[in-house]
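> Pasting the sequence and the predicted model now:
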Amino acid sequence: MRHFDHHLYSNPIFAQSSINILTMTLAAQIKCATEDALKHLFPDTDINPASITINLTKPEFNGDYTIVLFPFVKQLRQKPDVLGKMIGDYLVEKCSLFTGYDIVSGFLNMTIKDGVWLSFLQNHFNDVHYGEKSGHDRRVMVEYSSPNTNKPLHFGHLRNIFLGYAVGNILHAVGEQVVKANLINDRGIHICKSMIAWQRYANGDTPERTGMKGDHLVGDYYVKFNDAYKAEIAELVAKGMDEAAAEKEAPIMKEAQEMLRQWEAGDKEVRSLWEMMNGWVYKGFEVSYKNLGVDFEKMYYESDTYLLGKAIVEEGLQKGVLYKKEDGSVWVDLTEEGLDHKLLLRGDGTSVYITQDLGTAKLKFNDFKLDQSVYVIADEQNYHMQVLKAILKKLGEPCADGIYHLSYGMVELPTGRMKSREGTVVDADDMMEEMINLSREQTEAAGKTEGFSQEELTKLYNTIGMGALKFYLLRVDPKKKMIFDPKESIDLHGFTATFIQYAHARICSILRKEGVPLLPDSTKFQSLHLADEILPAEKKLVVMLEQYPVIVENAAAEFNPSELCNYAFQLAQQFNSFYAEHSIAHAENEEKKQLRLMLIIMTAQVLRHSMNLLGIRLPEKM
RNA sequence: GGUCCGGUAGCUCAGUUGGAUAGAGCAUCAGCCUUCUAAGCUGAGGGUCAUUGGUUCGAAUCCAAUCCGGAUCACCA
């Protein structure tokens, strides 16, 4: 993904000569310098630049960055120690980054000049955009959430929502133009089930009359439908019908299917009931999304898109890419792609799930001239997405290559999968409320409520509770499934957002007492000359801060927000150790104090930036 | 059965193109608040990286086989 122009950096004194060098990470600069050293020391041998590995030096050794020597040992016919000395001497002499080196069994540990770290800090400590890249003008859509309208959001949806929102932000941070989209599944048998049950049992109840959130009200009737359905099946079975037949013959199910037919026929009454109940649900979702702190630039509705795709199928049929069976159904043969035969249109000409997805894929691309279209969808649909992409490719649709399935593992309960039909779900709204309550309890128990107004406390509990919830769902690699035990509350200690928030609040507290703003302008910090060496705890912090842009870039490349969780946690941890070891306000001298202030200002800034990408706020006081 | 994903400390998880003695958090145990916020810090114990073989200077990482768990293979969405 990233490549370097080797001609630009082949000059041994490039470190002073190029402006571009400022935008390169230290590790990348060291790699270039090493490549350059090898070229000069061994002009006759061609070294593959990809074989140069630069790592952070392990804490137990002397140095900052490590060049691994083994890859060249054989090709250059040199002993590691000899080779290391040659490269080390060359680099220290010719490259302005280094002050010395140390060789330990095949590893060349380079020490970076303190001045390099100081100028890094001076350049970036108050940069709000540190870690971001500016535009390569790629247009990307991230579709996430994509709920059904027959029930409220549950805990599993939250993983999808936080992932999608975070990935959108992360892609934006690396310079892409992002459209966050939501494809709402507002039609089909599921919503008809809620509608039937509402007609039968609600006596005209509305969210207004019951004071209930609309999505919850509609969800309750979905559960009622299934209860009634089960009862009717049991009754039929008791009368001697076998179970499979009973499932088909149950009157309430027949009513739902009939309602779906009426809906498709455009029946006025059914449509207006449908609009009313969906309206309730949207109002409810709106509240949930607002509380979750997420948003969308574009809403798609399946009632608008479910007929799309037929045209594409017709075209494919013309081209002979698809085939028709005797019963009139249309299929695609994907056996060459290692997949199966797949139905695209039923015998009666109606479309199936994949058909409409073919249409929406194209619609999205045309609406926004996309380069990439990301689908945040659970891994149970891996096959579906594979098929979708393969079909579009086979049909020669330009949108095919841009499709990326961000597949994530499902959230399960200790008892297994959540089943909304059986009401065993952990509700999203309840979960938020519980987390906010938990943070209130713990704040009160710790006696940390003094000096806050009531409004401030309300906001703080929200920040802590929602932060904990988001972090909990984002800290794990998306593709791994996770098990959530509702009996165990989400922790506020250790590897959590709270930990990061606390470190941030501590920094803010120091700055407040010192009368320094969170993001001071550079003037007061410009001339920093350090008499003493940078201490290990200080070094560790600045080294971590220098890593941040690479972390963001990786998170974007992998569509993986958990990398930011890990990084921010480690940074906060590093700050806490630093804080325990050294005083900032009472530093040994003025220079030290300045250095440390810059360090913590930048630490706070990077913590804020990274957590902001995840939609997690950091309080200034807690 | 085919395809795909996963298996790392008691539990939850890191470990980025193969790099030094495999790391965090929780839980357990022992220390640290007259000094910038103890929601914190320091330390200890805890491992057959599912198993076996292979590739090489070097494997948790790559390859093959096996075992275990999950998803999927609908004229459902």
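Looks like it arrived, so ask away.
> Please count neighbours and contacts with C-alpha atoms only from this point.
Fine.
> Spit out the contact partners of A:V68.
A:52-55, A:106-108 (CA atoms under 8 Å, 6 or more residues apart in numbering).
> Please, which helix or strand holds A:I103?
strand A:98-104 (DSSP states H and E).
> So what touches that strand?
Under CA under 8 Å, 6+ apart, the answer for strand A:98-104 is A:62-63, A:81, A:84-85, A:88, A:91-92, A:108-113.
> Tell me the most packed of the contacts of A:V68, by neighbour count.
A:L108 (25 neighbours; other CA atoms under 10 Å).
> ok so, going back, which of the contacts of strand A:98-104 fall in strands?
A:108-112 (DSSP state E).
> Turn those into a markdown table, including pLDDT and distance to RNA strand B.
As requested, the ones in strands among the contacts of strand A:98-104 are arranged in a markdown table below (pLDDT from 0 to 100; distance: CA to the nearest atom of the strand, whole Å):
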| residue | pLDDT | distance to RNA strand B |
| --- | --- | --- |
| A:L108 | 96 | 7 |
| A:N109 | 95 | 6 |
| A:M110 | 96 | 9 |
| A:T111 | 95 | 11 |
| A:I112 | 96 | 14 |
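> Let me see the ranges of the strands in the stretch 201-350 of chain A.
A:298-301, A:323-324, A:330-333, A:341-345 (DSSP state E, counting those that start in this stretch).
> Identify whichever of these lies nearest to RNA strand B.
For the strands of the stretch 201-350 of chain A, the distance to RNA strand B is smallest for strand A:341-345, at 5.9 Å, taking CA to the nearest atom of the strand.
> could you check whether the closest one is close to RNA strand B?
Yes. Judged by CA under 7 Å from any atom of the strand, strand A:341-345 comes into contact with RNA strand B at A:342-343.
> Report the secondary structure state of the closest residue to RNA strand B within the stretch 301-450 of chain A.
The stretch 301-450 of chain A approaches RNA strand B most closely through A:E380 (3.1 Å), counting by CA to the nearest atom of the strand. Classification of A:E380 using DSSP: H, G, I helix; E, B strand; the rest coil returns helix.
> What parts of the stretch 401-550 of chain A come near RNA strand B?
Checking the stretch 401-550 of chain A against RNA strand B by CA under 7 Å from any atom of the strand, the hits are A:439, A:442-443, A:446, A:448, A:464, A:475-483, A:492-495, A:498-499, A:502, A:505-506, A:508-510, A:513.
> for the stretch 351-500 of chain A, what spans make up the strands?
So, for the stretch 351-500 of chain A - with DSSP E, counting those that start in this stretch - the strands run A:372-378, A:403-408, A:411-412, A:482-483.
> For the first one, what is the distance to the chain centroid?
A distance of 11 Å separates the C-alpha centroid of strand A:372-378 from that of its chain, computed with CA atoms, centre = their mean, to the nearest Å.
> what is the rounded mean pLDDT of that strand?
Averaging pLDDT along strand A:372-378 yields 96.
> Once you drop chain neighbours, what's closest to A:L406?
A:V376 (4.8 Å; CA to CA, 6 or more residues apart in numbering).
> What about that neighbour, how many residues nearby?
Using other CA under 10 Å: A:V376 sits among 23 other residues.
> unless I'm mixing things up, it is touching A:V142, no?
Yes. In this structure A:V376 lies within contact range of A:V142 using CA atoms under 8 Å: 7.2 Å.
> which residues are contacting stretch A:523-540?
So stretch A:523-540 is contacted by A:114, A:118, A:122, A:574, A:577-578, A:581, A:591-592, A:594-596, A:598-599 (CA under 8 Å, 6+ apart).
> May I have that stretch exported as CSV, CA atoms only?
What follows is stretch A:523-540, C-alpha atoms only, in CSV (Å, rounded to 0.1, in the frame of the first residue of the first chain):
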residue,chain,number,x,y,z
THR,A,523,5.0,30.3,20.9
LYS,A,524,5.6,29.5,24.5
PHE,A,525,7.1,26.1,23.6
GLN,A,526,9.3,27.1,20.7
SER,A,527,12.8,27.1,22.0
LEU,A,528,13.3,24.0,24.0
HIS,A,529,16.9,23.1,24.7
LEU,A,530,17.5,20.2,26.9
ALA,A,531,20.5,20.0,29.1
ASP,A,532,19.7,16.6,30.4
GLU,A,533,19.0,13.4,28.5
ILE,A,534,15.4,12.4,27.9
LEU,A,535,14.5,9.9,30.6
PRO,A,536,13.2,6.4,29.8
ALA,A,537,9.6,7.2,30.9
GLU,A,538,9.6,10.3,28.8
LYS,A,539,11.1,8.5,25.8
LYS,A,540,8.5,5.7,26.0
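> where's the closest residue to A:F495 other than its chain neighbours relative to A:H493, distance?
Spatial nearest neighbour of A:F495, chain neighbours left out: A:F569 (6.6 Å); criterion: CA to CA, 6+ apart. Separation of A:F569 from A:H493 (CA to CA, to the nearest Å): 11 Å.
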